[in-house]
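Chemist: only the shape, not the letters, is given here:
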C-alpha cells in the first residue's frame, strides 16, 4: 500500500502532559467531513479528556450533528476570501495545544499554523509544498490517487504516535422524544413493513443516475414488499428531482426529501433493509451505519472516495476499476473504458452529464439489491426495467 510518508518522528506530547485542546481542520465538501471523523475518534480515544473542535466550511456541519467526540464546530464561509477566513481564525490564535490539518489547501494550512501551538497535517507531494511543510511539526505526504481519505486520516494519527481509527462516525439525532415521535409519524405510511432508502440526488449533476433507473428500482422493491423511502435535502432542485422520480415510478413512496436533518436521515437509514445512493455524503453515512449499501459510482475514483464499509480496517477496500462488494457495501461502477476519468463529467464541469452513469442499466442495480435483500429469483423477468442506454 502506498500510504503517505511522514517526516522524522519526535514526541509532541508526553503521557504526563497530553493535549487539553485540539482543533481538527477539514475545509472541504461535506463528504470529506464525514470521512474525517475517524481521525477525531482516534484523538478522543487516545486523549479522552481533550476538548476537540472542528473547523469546516459552512453548510457541511450536518455531517457532525451530535457527534459525541466533538465539543464545538467552527464554520467559515466557503466563498470567503483567504483574508476573511483568517479573520475568523485569528480569534483562535494559538488557543489550541494541537491543530491537525486534514487538507492540503492554503486556507487549511494557515488556519492550522495560526490556531495550534503544535501542528500536524497532510501536504501535497509537489515540491512546491515545502513552505507549508515548514508550518508543521509533522506532516504526511498525500498521494491522492491511491490513498483513501480514511487512510490519509490514519496517517495523521500515526504521526502523533497514536493508534489510528477506521470508524466513520455518522451524524445522529439528539434523542429528544419529540424528534423521535416526529420521525415515527413520517414513517407511519410504511405500516411496519421493512423499507429501502433511496437517495436519488447528489449535489452535482455529473454524479447523477437517471430517472428511469430509480423508477425501475422503486417498482422492484415495492413489488417485493418493501416500502421505498426517498431521502434528500431541502434544495428546490433536489425536491423537484425526487418528485420526478416518484412520479415516473408510478407507485406509492414515502417522501422524506427536505423533511429531515442529517442526523435524522442517518437514523432512518440505520433501520433500513437496504440503502441505495450515488457518490454523495449520505452514501458514506449509510456505509458507516452498517446497513447494506449500494453505491453508484461514475467519474470518481473509488480508491479515494468509495464508501468505507463498517468494520473495515487497513487499506482501501476498492480498486480503481471495477465493481465489487466489500463488507456491507456493494460499489457499482458505471460503464465505459474511460471509467473512472476522475473528471467532473464528460463536459468537465459540475453541471455536466456523465455517460458512464447515463448508460448504467437498472438491471445491474436491481440484481445487487436482490442479492443484498436475499430475493432468490430472476427479478428482471417480473419487473420491467429500462435497457442500457446508448449515448451518441
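Modeler: Now that the structure is in, tell me what you want to look at. Since the structure is predicted, the reported quantities are computational estimates derived from the model, not experimental observations.

Chemist: helix or strand for residue 40, which one?
Modeler: Secondary structure here is read from DSSP states H and E; on that basis residue 40 sits in helix 37-46.

Chemist: residue 228 now?
Modeler: Residue 228 is located in strand 227-231, with elements delineated by DSSP H and E.

Chemist: what's that strand packed up against?
Modeler: Taking 3 or more Cβ pairs under 8 Å, 6 or more residues apart in numbering; DSSP states H and E as contact, the helices and strands that strand 227-231 lies on are strand 195-199, helix 211-223, helix 236-249, strand 254-255, helix 262-270. Where you see a C-beta, it was placed from the backbone N, CA and C, and this is true even at glycine.

Chemist: please repeat the previous calculation with a cut-off of 7 Å.
Modeler: If you count contacts as 3 or more Cβ pairs under 7 Å, 6 or more residues apart in numbering; DSSP states H and E, strand 227-231 packs onto strand 195-199, helix 211-223, strand 254-255, helix 262-270.

Chemist: direction included, what does the first one pair up with?
Modeler: Yep, that's strand 195-199 we're talking about. Paired with strand 195-199 in the same sheet, following DSSP bridges, are strand 227-231 (parallel), strand 274-278 (parallel).

Chemist: can you convert these into JSON lines and add a column each for mean pLDDT?
Modeler: Rendered in JSON lines, the data for the strands paired with strand 195-199 read as follows (pLDDT from 0 to 100):
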{"stretch": "strand 227-231", "mean pLDDT": "98"}
{"stretch": "strand 274-278", "mean pLDDT": "98"}
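
Chemist: which of those is buried the deepest?
Modeler: Per-stretch averages of neighbours, counted by mean count of other Cβ atoms under 10 Å, single out strand 274-278 among those, with a mean of 26.

Chemist: and the contacts of stretch 253-261?
Modeler: 62, 65, 186-187, 189-190, 218, 227-234, 238-239, 242, 246, 268 (Cβ atoms under 7 Å, 6 or more residues apart in numbering).

Chemist: give me that answer again for 6 Å
Modeler: The set of residues that contact stretch 253-261 without belonging to it, under Cβ atoms under 6 Å, 6 or more residues apart in numbering, is 186, 189, 227-232, 234, 239, 242, 246.

Chemist: please point out which parts of that stretch sit buried.
Modeler: Of the residues in stretch 253-261, those with enough neighbours to count as buried (16 or more other Cβ atoms under 10 Å) are 253-257, 259-261.

Chemist: avg pLDDT for the lengthiest strand in the chain?
Modeler: Within the chain, and with DSSP state E defining each element, the longest strand by residue count is strand 116-124. In this model, strand 116-124 has an average pLDDT of 92.

Chemist: packing partners of that strand?
Modeler: Using 3 or more Cβ pairs under 6 Å, 6 or more residues apart in numbering; DSSP states H and E as the contact test, the elements touching strand 116-124 are strand 96-101, strand 138-142, helix 149-159.

Chemist: which residues sit against the next helix-or-strand element following the last one?
Modeler: Right, helix 149-159. Once helix 149-159 ends, the next helix or strand along the chain (criterion: DSSP H and E) is helix 177-187. By Cβ under 6 Å, 6+ apart, the surrounding residues in contact with helix 177-187 are 173, 256, 264.

Chemist: and the pLDDT for the second one?
Modeler: In the prediction, the pLDDT value recorded for residue 256 is 98.

Chemist: one step back: so how far is the longest strand of the chain from its chain's centroid?
Modeler: With Cα atoms, centre = their mean, to the nearest Å as the basis, strand 116-124 stands 23 Å off its chain's centre.

Chemist: quick one: residue 44 and residue 68 touch, right?
Modeler: No. With the criterion set as Cβ atoms under 6 Å, residue 44 and residue 68 do not qualify as a contacting pair; they are 8.2 Å apart.

Chemist: those two: which is more packed in?
Modeler: residue 44 (20 against 9; other Cβ atoms under 10 Å).

Chemist: next one: the more buried one from residue 310, what distance?
Modeler: Separation of residue 44 from residue 310 (Cβ to Cβ, to the nearest Å) stands at 19 Å.

Chemist: and if you look at residue 255?
Modeler: Residue 255 sits 27 Å away from residue 310, going by Cβ to Cβ.

Chemist: ok, residue 375 next?
Modeler: Distance of residue 375 to residue 310, computed by Cβ to Cβ: 23 Å.

Chemist: what of residue 40?
Modeler: Taken as Cβ to Cβ, the spacing of residue 40 relative to residue 310 amounts to 17 Å.

Chemist: more neighbours: those two, which one.
Modeler: Neighbours of residue 40 and residue 310, each counted by other Cβ under 10 Å, are more numerous for residue 40; the result is 25 against 19.

Chemist: dump the residue contacts of that one.
Modeler: Listed by Cβ under 6 Å, 6+ apart, the contact partners of residue 40 are 24, 52, 69.

Chemist: restricted to strands, list those residues.
Modeler: Mapping the contacts of residue 40 onto strands (DSSP E) picks out 24, 52.

Chemist: and the contacts of residue 40, which is closest to residue 133?
Modeler: residue 24 (19.2 Å; Cβ to Cβ).
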